[in-house]
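Enquirer: starting from these lines, generate the structure:
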Amino acid sequence: MKTNLTYCLLIAVILGGCTQQKPAKIEGAWKLVYNKTVYDDTLYYSFPGKDTTEGQIKMWTKDHVSFTGKIIWEDKYPGDNFGAGSYKLIGNQYEETFLYCSYKPFIGQTLKLKLEIKNDTLIQTTLENDGKFNKSSYMIEKYVKF
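Expert: Predicted coordinates for the structure are as follows:
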């Protein structure tokens, strides 16, 4: 009897250890549907609006993030927009550290954001290094899950 109980417990531990962890809600591919960038109280970029995009997607794995797309500023300046790096997410506090980026000054930098997920929509808002929102210079991006 003890042997059967021991085997049952051993099998339960093995099976419990084999179950995969459920991926975080952020993991997967997301498509950009909205962007508003304000710098020194001036609207710098907006999509949809005066600027367009030929599509941008952002993808998260367990601990890495990448994004790629093509943005057209005021129908004049088409540009590839891409980057990749690592991230940390604790609650709704999100940090993204760029290892690669089409905008070279971002390489090696860490961006702090507030991240919200509501159903199939992900909203990220930039924060200052102290974790506070700056209403005169910020970026808000909204993505929908693929």
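Enquirer: what lines up beside the lengthiest strand in the chain in the sheet?
Expert: Counting by DSSP state E, the longest strand found in the chain is strand 77-90. Strand pairing for strand 77-90, determined by DSSP bridges: strand 64-73 (antiparallel), strand 93-101 (antiparallel).
Enquirer: where among those strands is average confidence lowest?
Expert: Here the lowest mean pLDDT among the strands paired with strand 77-90 goes to strand 64-73, at a mean of 85.
Enquirer: immediately after the lowest-mean-pLDDT helix or strand in the chain, which helix or strand?
Expert: Every helix and strand of the chain was ranked by mean pLDDT, DSSP states H and E. The lowest is helix 2-18, at a mean of 54. Counting by DSSP states H and E, the next helix or strand C-terminal to helix 2-18 is strand 28-39.
Enquirer: and the direction of that next one versus that of strand 77-90, what angle?
Expert: Interaxial angle, strand 28-39 versus strand 77-90 (axes from the mean of the first three to the mean of the last three Cα atoms, to 10 degrees): 110 degrees.
Enquirer: put the alpha carbons of strand 28-39 into PDB.
Expert: C-alpha atoms of strand 28-39 as PDB (Å, rounded to 0.1, in the frame of the first residue of the first chain):
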ATOM      1  CA  GLY A  28       2.600  37.300 -28.900                       C
ATOM      2  CA  ALA A  29       2.200  39.700 -31.900                       C
ATOM      3  CA  TRP A  30       0.400  43.000 -31.700                       C
ATOM      4  CA  LYS A  31      -0.500  45.500 -34.500                       C
ATOM      5  CA  LEU A  32      -0.100  49.300 -34.000                       C
ATOM      6  CA  VAL A  33      -3.500  51.100 -34.400                       C
ATOM      7  CA  TYR A  34      -2.800  54.400 -32.700                       C
ATOM      8  CA  ASN A  35       0.100  56.600 -31.800                       C
ATOM      9  CA  LYS A  36       0.300  60.100 -30.300                       C
ATOM     10  CA  THR A  37       3.700  61.700 -29.600                       C
ATOM     11  CA  VAL A  38       3.900  65.100 -27.900                       C
ATOM     12  CA  TYR A  39       7.200  66.900 -27.400                       C
END
